[in-house]
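Q: structure of the sequence below:
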Amino acid sequence: MKVSVLIPTYNRAYIISDALDSVLKQTYRDFEIIIVDDGSSDGTRDVVEGFRSEKIRYLRHALNRGCSAAYNTGISAAEGELVAFLDSDDIWKVDYLERQVAFFLAHPEVDVVFTDTEIQNKSETIPSLMRFMTAFPRLLEEYPKGKEYVLAGRQMYRCLLEEVPIKPSACLIKRGVLQREGMFDEAWPSGTDWDLFLRLSHSACFGYFDCPLVVQRRTSDATHYLFREQDHIFLLGVLLKEKAALGRDPEGQRAVNRGLSIHYNSLAWAYLEKGEGLEALSIYLRGFKETRRPLLIKKFLWGVLRIASRTVSIGRRSQKGRNAHETENCAEESPGSGLVRTEFKTERRGNSQVSLKPSKR
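A: Numbers count the residues shown, from 1 in each chain. Below you'll find the model as predicted:
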């Protein structure tokens with residue numbers, strides 16, 4: 001089974017060589033690599049062309065159109081039966097493709113296969129993404145424990161209403177399924193992978209290999225960092241649409257309300273960090289009205305206290321500043337009054353607080 005490996009990139013000359021190295025070193029050899037350069041202005045092209053591999057095809061957008069458009073360009077150009085995604089700051093372990101393809105061969109009914117993911121950032125390494133999931137581990141408990149799991153679409157759909165255990169860099173999808181069910185939504189800069197997997201779960205069969213075969217590296221220019229608010233806004237719209245279509249499905253409604261509460265909470269927090277407290281409180285209230293999750297009311301009250309505390313703190317600093325200003329500009333007594341004229345000399349010692357000392361004349 002030929003695999004088309006799609007690597008979208010934008011101004012990643014500093015790191016893309018690691019991703020390419022990890023693909024070219026795969027033990028499974030029947031693959032092509034399609035680099036989609038989304039309008040980079042650095043030396044990304046030079047780095048890619050420096051590999052001089054016949055397996056690499058380099059495509060370029062004249063303008064930066066976003067990660068989803070880059071993925072779609074790659075899918076349209078793919079020739080493999082299977083499509084693999086690899087973000088240009090992530091890397092694969094050497095047997096990633098071999099194990100994934102073997103899963104498809106052993107379970108031909110499966111349309112999507114994904115693995116666990118190791119997370120790396122500057123300060124720590126997290127050996128398993130799944131340790132931080134809640135819905136997906138509950139799903140796996142319904143199956144005999146093992147390394148390979150074939151998951152019904154309905155179960156994955158319920159899980160995806162709440163959380164996404166799949167990273168694009170850790171999954172392979174049959175190209176025919178993508179052509180049938182649609183590709184990434186290019187209207188939004190982030191969150192579109194979750195939307196895609198949710199759509200696929202309506203009809204596709206999923207497979208999971210319980211081993212971290214991918215390393216996701218958290219970089220400051222990752223789209224989910226750069227477009228955090230848009231990510232949550234987009235996914236709230238996606239989940240609200242799914243909720244409306246669920247009708248009287250108690251399990252589905254509970255799952256989607258849990259998912260919605262996560263995004264309402266995260267979006268409100270993003271606004272609090274920006275100092276937009278009233279907008280944050282409004283989002284907490286909208287989230288509670290939609291989901292009836294007590295957490296959002298608790299966060300609303302916490303937000304009120306946070307804003308009030310900050311307002312009082314700013315008021316105290318302002319008053320302190322006014323008092324200091326009035327002291328430093330103390331008026332001199334008028335000449336001939338018979339009173340002692342006092343000047344205040346400002347003295348600074350190192351980084352210590354300014355002190356005022358009277359000096360008589």
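
Q: hey, where'd the helices end up in the stretch 151-300 of the chain?
A: 153-162, 175-181, 192-200, 223-226, 228-246, 250-273, 277-291, 294-328 (DSSP state H, counting those that start in this stretch).

Q: now those helices as JSON lines including mean pLDDT?
A: Compiled in JSON lines, these are given as follows (pLDDT from 0 to 100):
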{"stretch": "helix 153-162", "mean pLDDT": "95"}
{"stretch": "helix 175-181", "mean pLDDT": "94"}
{"stretch": "helix 192-200", "mean pLDDT": "96"}
{"stretch": "helix 223-226", "mean pLDDT": "77"}
{"stretch": "helix 228-246", "mean pLDDT": "95"}
{"stretch": "helix 250-273", "mean pLDDT": "96"}
{"stretch": "helix 277-291", "mean pLDDT": "96"}
{"stretch": "helix 294-328", "mean pLDDT": "75"}
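
Q: so which of those helices comes closest to Val83?
A: helix 175-181 (5.0 Å; C-beta to C-beta). The C-beta positions use only the backbone N, C-alpha and C, and glycine is treated the same way.

Q: counting by contacts, list what that closest one packs against.
A: strand 82-85, helix 192-200 (3 or more C-beta pairs under 8 Å, 6 or more residues apart in numbering; DSSP states H and E).

Q: following the chain onward from the shortest one, which element is next?
A: When you say that, I think you mean strand 82-85. Per DSSP states H and E, the first helix or strand lying C-terminal to strand 82-85 is strand 91-92.

Q: what does that next one contact?
A: Strand 91-92 is touched from outside by 18-19, 21-23, 26, 86, 169, 213-215, 217, with contacts defined as C-beta atoms under 8 Å, 6 or more residues apart in numbering.

Q: cool, stretch 281-293 as well?
A: By C-beta under 8 Å, 6+ apart, stretch 281-293 touches 240, 257-258, 260-261, 264-265, 267-268, 271, 296-297, 299-300, 303-304, 307.

Q: 10 Å instead?
A: 232-233, 236, 239-240, 243, 253-254, 256-272, 276, 294-304, 306-307 (C-beta atoms under 10 Å, 6 or more residues apart in numbering).

Q: buried subset of the residues you listed, written for PyMOL?
A: Per 16 or more other C-beta atoms under 10 Å, the buried members of the contacts of stretch 281-293 correspond to this PyMOL selection:
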select buried, resi 232+233+236+239+243+256+257+258+259+260+261+262+263+264+265+266+267+268+269+270+271+272+295+296+299+300+303+307
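
Q: show the contacting residues for Val36.
A: Per C-beta under 10 Å, 6+ apart, neighbours of Val36: 6-10, 57-61, 65, 67, 69-77, 88.

Q: check whether it sits in a helix, strand or coil.
A: strand (DSSP: H, G, I helix; E, B strand; the rest coil).

Q: can you pull the pLDDT of Ser337?
A: Ser337 carries a pLDDT value of 41.

Q: ok, Ile119 next?
A: Each residue has a pLDDT score; the one for Ile119 is 95.

Q: what does the one 4 residues further on give?
A: Reading off the confidence values, Ser123 has pLDDT 83.

Q: ramachandran coordinates for it?
A: Dihedral pair for Ser123: phi -100, psi -20, per degrees, to the nearest 10.

Q: list the contacts of it.
A: Applying C-beta under 10 Å, 6+ apart, we find Ser123 in contact with Arg218.

Q: distance-wise, check it relative to Arg218.
A: 10 Å (C-beta to C-beta, to the nearest Å).

Q: got the contact list for the most centrally placed residue in the chain?
A: In the chain, the residue lying closest to the centroid (C-alpha atoms, centre = their mean) is His224, at 3.3 Å. By C-beta under 10 Å, 6+ apart, the contact list for His224 reads 67, 189-191, 193, 218, 230-232.

Q: of those residues, just the buried ones, PyMOL syntax please.
A: Here is the PyMOL command that selects the buried residues among the contacts of His224 (16+ other C-beta under 10 Å):
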select buried, resi 67+189+190+191+193+230+231+232
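
Q: closest to Leu97 out of the contacts of His224?
A: Asp193 (19.5 Å).

Q: what's the burial count for the closest residue in space to that closest one that isn't next to it in sequence?
A: Closest residue in space to Asp193, ignoring its immediate chain neighbours: Pro168 at 4.9 Å, by C-beta to C-beta, 6 or more residues apart in numbering. Look at Pro168: counted by other C-beta atoms under 10 Å, it has 24 neighbours.

Q: now do stretch 118-137: distance to the chain's middle.
A: Taking the mean of its C-alpha atoms, stretch 118-137 sits 13 Å from the chain's own mean (C-alpha atoms, centre = their mean, to the nearest Å).

Q: what sits against Asn11?
A: So Asn11 contacts 37-44, 64, 88, 221 (C-beta under 10 Å, 6+ apart).

Q: can you tell me which of the residues you listed are buried?
A: Counted by 16+ other C-beta under 10 Å, these give 37-40, 44, 88 as buried.

Q: identify the farthest-apart pair in the residues you listed.
A: So, the buried ones among the contacts of Asn11 by C-beta to C-beta: farthest apart are Gly39 and Ser88, at 13.6 Å.

Q: find residues that contact each of those two.
A: 10-11, 70.

Q: mind checking how far Thr125 is from Gly277?
A: Taking C-beta to C-beta, one finds Thr125 at 36 Å from Gly277.

Q: out of the helices and strands packed on helix 175-181, indicate the one that is most buried.
A: With neighbours taken as mean count of other C-beta atoms under 10 Å, these reach their highest mean count in strand 82-85, at a mean of 24.

Q: thanks a lot, catch you later.
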